[in-house]
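S.K.: Dropping the sequence and predicted coords here.
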Amino acid sequence: MSSDATTLETEVLIIGGGVTGTGIMRDLALRGIHSLLIDKRDLCAGASGGNHGLLHSGGRYVSTDPAAAMECRQENALLKRLAPQCIETAGGLFVAVEGDDPAFAEQFPALCRNAGIDCEELSPAEARRLEPVLSDKLFKACRVPDATIDPFHLALLNVDHARLINGSVYRPHTEVLRFEMADGEIRAAICHDHLHKRQITIRARQFVNAGGAWAMNIARLADCADVRLLYAKGTILVSNDRLAHHVINRLRPPGDGDILVPGGTVSLLGTTSTRVDDLENVGPTAEEVDRNIREGAAMIPALAEARYIRAFSRVRPLLQAAGNSSDRTASRGFALLDHASQGLGNFCTITGGKLTTFRLMAEKASDLVAGRLGNRQACLTASEPLPDDEACSWTEPATALKHWHRDRDADDMILCECEMLPQSAIEQIFAGSPGSEQERTIEAVALRSRAGKGPCQGSFCGIRIGSWLYDQGHYRDATGLAHMRDFFDERFKGQRCVIWGQQAAQMELAEALHCGLLGLDTLKEDG
Ligand SMILES: Cc1cc2nc3c(=O)[nH]c(=O)nc-3n(C[C@H](O)[C@H](O)[C@H](O)COP(=O)(O)OP(=O)(O)OC[C@H]3O[C@@H](n4cnc5c(N)ncnc54)[C@H](O)[C@@H]3O)c2cc1C
């Protein structure tokens with residue numbers, strides 16, 4: 001790394017801190033290649049931080065995309081073995097209810113078999129014994145090896161391992177604005193450092209675009225017109241408690257509101273699919289919330305009455321293929337573009353795919369980059385287990401609870417009561433969780449832990465963590481209050497479309513605290 005703070009140097013610059021970018025960072029490090037990973041926001045700011053967290057068995061794609069189904073099956077088995085600390089082996093059920101197409105349900109086990117996916121047929125009574133919340137209108141059920149995966153834990157561990165292996169660096173809040181190009185190569189990326197509000201230049205030998213839905217925009221900065229994406233927004237709802245232990249899929253062609261995923265102590269219901277043009281202003285609508293609940297309740301009636309604490313939306317980049325008009329049948333595979341046809345020899349783009357297939361995507365991109373650098377070391381991520389690190393484990397539900405039971409330290413103040421997060425967890429995050437050394441804010445803590453994820457949606461812990469950060473000297477002026485307001489605004493965005501019943505009372509309390517007591521709504525923009 002150059003000593004000049006506004007010019008950095010590395011072998012490979014990776015743009016985009018989603019699971020794909022972090023996977024590439026670790027893969028390259030295991031081959032002995034130094035990289036710098038940047039994100040315009042922070043880890044998992046894109047689709048990686050706003051998905052179902054389903055580690056697909058492949059079952060969902062057996063009818064629409066058998067190749068993607070097989071990729072999912074292979075990666076599912078591999079990740080369960082190599083990154084078990086990020087995975088809950090919940091198991092999955094595919095269930096058909098009255099009104100669903102019996103012919104489709106009938107052919108499902110054979111389609112799974114063709115893709116090599118284990119599929120056990122269950123009687124409706126057996127399925128309801130496993131999951132009593134299932135509708136009594138169930139007529140067909142199959143069990144598959146679906147699981148759940150925590151993308152935050154995964155991304156943090158990937159970065160952590162890469163920096164441990166060879167000092168590769170992760171830098172949040174750094175946005176590529178343009179590239180300097182000469183003689184068929186990118187020489188440098190000109191970036192804006194949002195934290196220090198200055199321009200920085202990053203020089204590298206190879207440049208990787210892992211920008212997810214933003215990949216087309218990033219490629220265009222390098223005059224590459226060969227990345228063609230369509231955008232499909234998906235909205236997911238989070239319930240107050242865990243409604244089922246298996247991932248439950250509707251046994252029909254993929255549609256809206258047909259997957260319920262257990263996520264630790266909550267359940268996630270989704271997802272819708274709506275074409276959008278704008279990547280920056282996406283949020284859940286009341287109509288999408290209603291649609292998810294209506295469709296989901298046909299499979300699990302309790303979903304109609306459940307308490308929802310939040311909804312969120314993210315965008316899937318769909319690879320544009322001629323003659324394909326449906327978002328649901330668009331390929332869930334990925335694309336690696338080497339941009340040779342665009343006259344560039346040291347730039348590539350990897351986009352599309354799934355959380356489930358991130359490792360494979362990272363392997364393919366790293367094979368290309370390593371080859372271009374003359375590095376012959378083979379990919380090791382399919383055989384090297386992902387090492388654990390306690391500082392990265394606070395995103396896991398129940399980690400804080402287990403810690404509290406184990407230590408019972410009365411001086412270790414609980415800052416987030418919904419998730420039982422103690423102050424020592426935040427100290428540990430600041431000491432060892434990647435990226436937090438750059439920024440010590442409520443938002444940075446929330447991303448690296450369960451803070452703000454419970455029923456109060458940060459109403460209390462936002463105040464407590466903010467106050468604690470002031471006590472520790474991380475904030476000295478009104479900046480902390482502005483960060484508190486931004487944190488609450490962000491949580492409110494996800495709650496405004498699910499405010500009814502008990503959650504409405506919770507919101508009134510939050511408003512009384514944040515506006516009535518703290519007056520955060522009157523805070524001036526400049527602090
Ligand atoms: C609603 C929804 C549900 C899903 N559910 C599942 C699921 O259950 N299971 C599954 O396997 N897959 C699921 N997926 C797919 C999965 O989330 C994505 O395939 C995966 O997260 C993509 O990761 P990525 O790293 O490629 O992109 P992203 O996670 O989108 O990362 C791209 C990053 O690039 C950064 N960036 C953009 N522009 C710039 C710039 N100019 N400079 C610097 N950084 C920049 C962004 O901030 C972002 O963090 C779902 C997707 C959606 C949208």
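M.R.: Good, I have the coordinates.

S.K.: Only C-alpha atoms from now on, for both contacts and neighbour counts.
M.R.: Will do.

S.K.: With the ligand as the reference, measure out to Asp412.
M.R.: 33 Å (CA to the nearest ligand atom, to the nearest Å).

S.K.: thought that residue was touching Ile426?
M.R.: No - taking contacts as CA atoms under 8 Å, Asp412 lies outside contact range of Ile426: 10.8 Å.

S.K.: Looking at these two, which one has more neighbours?
M.R.: Higher neighbour count among Asp412 and Ile426: Ile426, with 26 against 14, using other CA atoms under 10 Å.

S.K.: can you pull the pLDDT of the more buried one?
M.R.: With respect to pLDDT, Ile426 has a value of 95.

S.K.: Hmm, it is touching Ala444, no?
M.R.: No - at 10.0 Å, Ile426 and Ala444 do not qualify as touching, with contact defined as CA under 8 Å.

S.K.: what comes up buried for stretch 383-391?
M.R.: Leu386, Asp388, Ala391 (16 or more other CA atoms under 10 Å).

S.K.: let me redo that: stretch 365-372
M.R.: So for stretch 365-372, counting by 16+ other CA under 10 Å, buried means Ala365, Ser366, Asp367, Leu368, Val369, Ala370.

S.K.: Just the CA atoms of the helix or strand harbouring the first one, as PDB, please.
M.R.: Secondary-structure assignment from DSSP states H and E places Ala365 in helix 358-372. Listed in PDB are the C-alpha atoms of helix 358-372, where the atom choice follows Å, rounded to 0.1, in the frame of the first residue of the first chain:
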ATOM      1  CA  PHE A 358     -21.400 -16.900  -4.400                       C
ATOM      2  CA  ARG A 359     -18.300 -19.100  -3.900                       C
ATOM      3  CA  LEU A 360     -18.500 -20.600  -7.300                       C
ATOM      4  CA  MET A 361     -18.900 -17.100  -8.800                       C
ATOM      5  CA  ALA A 362     -15.800 -16.000  -6.800                       C
ATOM      6  CA  GLU A 363     -13.900 -19.000  -8.000                       C
ATOM      7  CA  LYS A 364     -14.600 -18.300 -11.700                       C
ATOM      8  CA  ALA A 365     -13.700 -14.600 -11.400                       C
ATOM      9  CA  SER A 366     -10.500 -15.400  -9.400                       C
ATOM     10  CA  ASP A 367      -9.500 -18.000 -12.000                       C
ATOM     11  CA  LEU A 368      -9.500 -15.300 -14.600                       C
ATOM     12  CA  VAL A 369      -7.800 -12.700 -12.500                       C
ATOM     13  CA  ALA A 370      -5.100 -15.100 -11.300                       C
ATOM     14  CA  GLY A 371      -4.500 -16.300 -14.800                       C
ATOM     15  CA  ARG A 372      -4.000 -12.700 -16.000                       C
END
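
S.K.: Could you report the distance from Glu439 to the ligand?
M.R.: Counting by CA to the nearest ligand atom, the gap from Glu439 to the ligand is 16 Å.

S.K.: What number of residues are in the vicinity of that residue?
M.R.: So Glu439, with other CA under 10 Å, has 16 neighbours.

S.K.: likewise Val133?
M.R.: 16.

S.K.: Could you pull up the contacting residues of the nearest residue to it once chain neighbours are set aside?
M.R.: Once flanking residues are discounted, Val133 sits nearest to Ile300: 5.8 Å by CA to CA, 6 or more residues apart in numbering. Ile300 makes contacts with Val133, Leu134, Ser135, as judged by CA atoms under 8 Å, 6 or more residues apart in numbering.

S.K.: Give me the phi and psi for Ile300.
M.R.: Per-residue torsions, Ile300: phi -130, psi 90 (degrees, to the nearest 10).

S.K.: go on, Asp101?
M.R.: According to degrees, to the nearest 10, Asp101 has phi -80, psi 110.

S.K.: What is the burial count for it?
M.R.: There are 13 residues near Asp101, going by other CA under 10 Å.

S.K.: so it makes contact with Arg252?
M.R.: Yes - counting by CA under 8 Å, Asp101 touches Arg252, with 6.9 Å between them.

S.K.: mind listing what the residue nearest to Gly452 when sequence neighbours are not counted touches?
M.R.: With sequence-adjacent residues excluded and distances taken as CA to CA, 6+ apart, Gly452 is closest to Gly458, at 3.7 Å. Taking CA under 8 Å, 6+ apart as the criterion, Gly458 is in contact with Cys416, Ala451, Gly452, Phe488, Arg491.

S.K.: hmm, back to that, with the buried residues of stretch 383-391 in mind, which one is nearest to the ligand?
M.R.: Leu386 (17.6 Å; CA to the nearest ligand atom).

S.K.: Helix, strand or coil: sort out the closest one for me.
M.R.: With DSSP: H, G, I helix; E, B strand; the rest coil as the basis, Leu386 sits in coil.

S.K.: Which pLDDT does the model give the residue lying closest to it once chain neighbours are set aside?
M.R.: In space, and not counting its chain neighbours, Leu386 is closest to Ala83: 5.4 Å by CA to CA, 6+ apart. For Ala83, the pLDDT comes out at 98.

S.K.: List the contacts of Ala83.
M.R.: Leu154, Pro385, Leu386, Pro387.

S.K.: Can I get these in CSV including distance to Ser433?
M.R.: Converted to CSV, the contacts of Ala83 look like this (distance: CA to CA, whole Å):
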residue, distance to Ser433
Leu154, 12
Pro385, 19
Leu386, 15
Pro387, 14
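
S.K.: Now, the contacts of Gly458 that are in helices?
M.R.: Cross-referencing those against helices under DSSP state H gives Phe488, Arg491.

S.K.: from the contacts of Gly458, which is closest to the ligand?
M.R.: Nearest to the ligand among the contacts of Gly458, counting by CA to the nearest ligand atom, is Arg491 at 17.3 Å.

S.K.: low-scoring pLDDT stretches of the stretch 251-400 of the chain, where are they?
M.R.: 321-332 (pLDDT under 70).

S.K.: just checking, Gly18 touches Gly50?
M.R.: No - counting by CA under 8 Å, Gly18 stays clear of Gly50, with 10.5 Å between them.

S.K.: The two: who's more crowded?
M.R.: Counted by other CA under 10 Å, Gly18 and Gly50 do not tie: Gly18 has more neighbours, with 27 against 18.

S.K.: what does the host helix or strand of Leu36 contact?
M.R.: Element membership for Leu36 (DSSP H and E) is strand 35-38. By CA under 8 Å, 6+ apart, the surrounding residues in contact with strand 35-38 are 10-17, 21-22, 25, 28-29, 168-175.

S.K.: Strands along the stretch 1-150 of the chain, start to end?
M.R.: Assigned by DSSP state E, counting those that start in this stretch, the stretch 1-150 of the chain shows strands spanning 7-9, 12-15, 35-38, 54-55, 87-88, 92-97, 120-122, 138-144, 147-149.

S.K.: what does the second one rub up against?
M.R.: For strand 12-15, contacts defined as CA under 8 Å, 6+ apart pick out 21, 24-25, 33-39, 176, 202-211.

S.K.: for the helix or strand harbouring Asp290, which positions count as buried?
M.R.: Using DSSP H and E, Asp290 maps to helix 286-299. Buried residues in helix 286-299, counting neighbours by 16+ other CA under 10 Å, are found at Glu288, Val289, Arg291, Asn292, Ile293, Arg294, Glu295, Gly296, Ala297, Ala298, Met299.
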